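Enquirer: Give the three-dimensional model of this entry:
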Amino acid sequence: MSFRRKIVAGNWKMNNSLAEALTLVDGVIAHLDPNTITEVIICPSYAVLAPIHAHLQGMPKIRLGAQNCSEFNSGAYTGEVSAQMITSVGCQYVIVGHSERRTYCNESSEQLTQKMKRALENKLHPIFCIGENLEERNGAKHFDIVKGQLKNVLSTFSLHDLKELLIAYEPVWAIGTGVTATSAQAQEMHAFIRKTISELFSVDFANTLPILYGGSCNALNAKELFACKDVDGGLIGGASLKAEDFCKIISSF
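Expert: Below is the predicted model of the structure:
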């Protein structure tokens, strides 16, 4: 099997003032194993991206991402933030299609396709999120939902376009609920995602594509989840807000 990168990304969501954000970064730096082989990404709110980028100078093991980007390049879109702006403050990554934005902001496949295009045009590496809700899981529609989310957006792009792609699987029923998919459920879906990618593009690409688990992963269950054959790391929510816990997750490989 081809080598796949091991990645842990922290999605801070709408948390932390500037002072709190800098304190959290310092905590991650203090607890992070300097010999870790895991790639580390943090995704704070827009408001603190620039100062955190400045704060991280000389810390190549921690990379910076944004939680979203606009589908537009520029213009009269009050409150929106473009991919170009995100790149300009030092980000290398951007989350696209997080379940909360799909749910609360009704983001469509068409919008997500445009966001992916803007991200790629501005040299950002997209973390593309997919996943089913509880009703879809209970109705045995989870595979169809996930396959549709992948095809509806990624089929627009070439293999060359997506060479820096990361995928994050979010079982929506296991986010913020305290419920976590079992390691068997996580592996089953990650394997299905990899198979779908191989059908859309190629087996070689699928075998090197990092697929992260994004459903209430924490310091206690990360080791078991990361031991799964097709789980290459995590997109971490609440546990990324505690430096020691986040670094324990990073060290779980």
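Enquirer: quick one: buried residues of the worst-scoring helix or strand of the chain on mean pLDDT?
Expert: Least confident helix or strand, the chain: helix 134-138 with a mean of 91, by mean pLDDT, DSSP states H and E. Across helix 134-138, burial judged by 16 or more other Cβ atoms under 10 Å covers Glu136, Arg137. (C-beta placed from N, C-alpha, C; glycine too.)
Enquirer: what does stretch 43-59 give?
Expert: Cys43, Pro44, Ser45, Val48, Leu49, Ile52, His53, His55, Leu56.
Enquirer: Which residue is most remote from the mean position of the chain?
Expert: The centre of the chain is farthest from one residue, Ala76, which by Cα atoms, centre = their mean lies 28.2 Å away.
Enquirer: Mind telling me what element that residue is part of?
Expert: Using DSSP states H and E, Ala76 maps to neither a helix nor a strand.
Enquirer: distance of Val25 from Ile62?
Expert: Noted for Val25: a distance of 8 Å to Ile62, by Cβ to Cβ, to the nearest Å.
Enquirer: Identify the contacts common to those two.
Expert: Contact criterion Cβ atoms under 8 Å, 6 or more residues apart in numbering; residues shared by Val25 and Ile62: Ile42, Leu56.
Enquirer: Between these two, point out the one with more neighbours.
Expert: Val25 (22 against 17; other Cβ atoms under 10 Å).
Enquirer: follow-up on the earlier one: so what does the residue farthest from the centre of the chain have for phi and psi?
Expert: Main-chain dihedrals, Ala76, degrees, to the nearest 10: phi -80, psi 70.
Enquirer: how close does it get to Met59?
Expert: From Ala76 across to Met59, the span is 37 Å (Cβ to Cβ).
Enquirer: Ala21 and Cys43 touch, don't they?
Expert: No - using Cβ atoms under 8 Å, Ala21 is not in contact with Cys43; the gap is 11.3 Å.
Enquirer: Return every residue with contacts to both of the two.
Expert: Here Ala21 and Cys43 have Trp12 as joint contacts, going by Cβ under 8 Å, 6+ apart.
Enquirer: So Ala21, which state does it fall into?
Expert: Counting by DSSP: H, G, I helix; E, B strand; the rest coil, the backbone at Ala21 sits in helix.
Enquirer: For the protein, which segments count as helices?
Expert: Here the chain has its helices, by DSSP state H, at 18-31, 49-55, 83-88, 99-104, 109-121, 134-138, 142-154, 183-200, 203-208, 222-226, 243-250.
Enquirer: Tell me which of those sits most buried.
Expert: Most buried of those by mean neighbour count (mean count of other Cβ atoms under 10 Å) is helix 243-250; its value is a mean of 22.
Enquirer: So for that helix, mean pLDDT?
Expert: Mean pLDDT, helix 243-250: 98.
Enquirer: And for stretch 3-22?
Expert: Rounded mean pLDDT across stretch 3-22 is 97.
Enquirer: Flag the shaky bits of the chain, pLDDT-wise.
Expert: The model of the chain has pLDDT under 70 over residues 1-2, 176, 178, 180.
Enquirer: give me that answer again for 50
Expert: Across the chain, the ranges flagged by pLDDT under 50 are 1.
Enquirer: Quick check, central residue of it?
Expert: Taking Cα atoms, centre = their mean, the centroid of the chain lies closest to Ile127, which sits 4.3 Å from it.
Enquirer: Tell me if I'm right that that one and Val96 touch.
Expert: Yes - assessed by Cβ under 8 Å, Ile127 is found in contact with Val96 at 6.8 Å.
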